[in-house]
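Engineer: I need the structure of the sequence given here:
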Amino acid sequence: MKRATYFSLFGAVSLIFLMKMVQFSNAEEAATVSDPTQTESIPSTEEAEDLQPQATPTPPPAVEPKKATKSKPNSYRQDRADAFLAGADWDFDGFVAGGQGSEIRSMFYLNDLVYLNIGSEQGLGVGDKIGIYKRGQKVKDPQTGKFIGYEVRRAAIARVTDRIEDETAAVRIRSTYEPVEIGDLVRREQ
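Structural biologist: Numbers count the residues shown, from 1 in each chain. Model (predicted):
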């Protein structure tokens, strides 16, 4: 019981103390704002001459907004489509036969090593640029219903590494548009 009395007494004293502090600070602010006993001292004529006038700050010079300049578009991205229509006779050089770690994954991305079923006998050399493509759906003429070709999408660009054999080669993927999978088409790029 005594403990509860101490806490309530302490709470009451604390509340009174805080109220007095607020009253004191409000009274102090009011005194500094409207205290008639405080007057500004007016400098004498001699003191006024000694005071140097404050320099007025000059605004910064107006800056003309820069005119919007047309940046050169990335011509490679705009001139080259990532997909095209290819006839049934479209030539490709080979396929993606596998990749590093293909026993545990089926998709390959940027900087992955993939293996092709073409090599030096087909004219590949170290550093050659290889396009990796996916063959999409058949495309038919909407009016005649005649087969036009297949949609072919570029999945990645790769470079032939120094691991090249007669009928196989390893390539490193340098840029990707889609995941590369085993069975994707490959073709030498210019």
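Engineer: contacts, neighbours, all on C-alpha from now
Structural biologist: Noted.
Engineer: which secondary structure element of this structure has the lowest mean pLDDT?
Structural biologist: Within the chain, judged by mean pLDDT, DSSP states H and E, the helix or strand with the poorest mean is helix 75-79; its value is a mean of 48.
Engineer: just the helices in this protein please.
Structural biologist: Taking DSSP state H as the criterion, the chain carries its helices at 2-34, 45-50, 75-79.
Engineer: residues contacting A88?
Structural biologist: Contacts for A88 (C-alpha atoms under 8 Å, 6 or more residues apart in numbering) come out as G149, Y150.
Engineer: list phi and psi for it.
Structural biologist: Backbone torsions of A88, given as degrees, to the nearest 10, read phi -60, psi -20.
Engineer: neighbouring contacts of stretch 146-160?
Structural biologist: Stretch 146-160 is touched from outside by 82-88, 124-141, 169-180, with contacts defined as C-alpha under 8 Å, 6+ apart.
Engineer: which parts of the protein are strands?
Structural biologist: Assignment of strands within the chain using DSSP state E yields the ranges 83-86, 94-99, 107-108, 113-116, 129-140, 147-164, 169-176, 180-181, 185-188.
Engineer: skip the chain neighbours and tell me the closest residue to A97.
Structural biologist: For A97, the nearest residue in space outside its immediate sequence neighbours is L116; the separation is 5.1 Å by C-alpha to C-alpha, 6 or more residues apart in numbering.
Engineer: roughly how far apart are V139 and G145?
Structural biologist: Separation of V139 from G145 (C-alpha to C-alpha, to the nearest Å) stands at 9 Å.
Engineer: between the two, tell me which one has more neighbours.
Structural biologist: Shown here are V139 and G145; by other C-alpha atoms under 10 Å, V139 has more neighbours (16 against 9).
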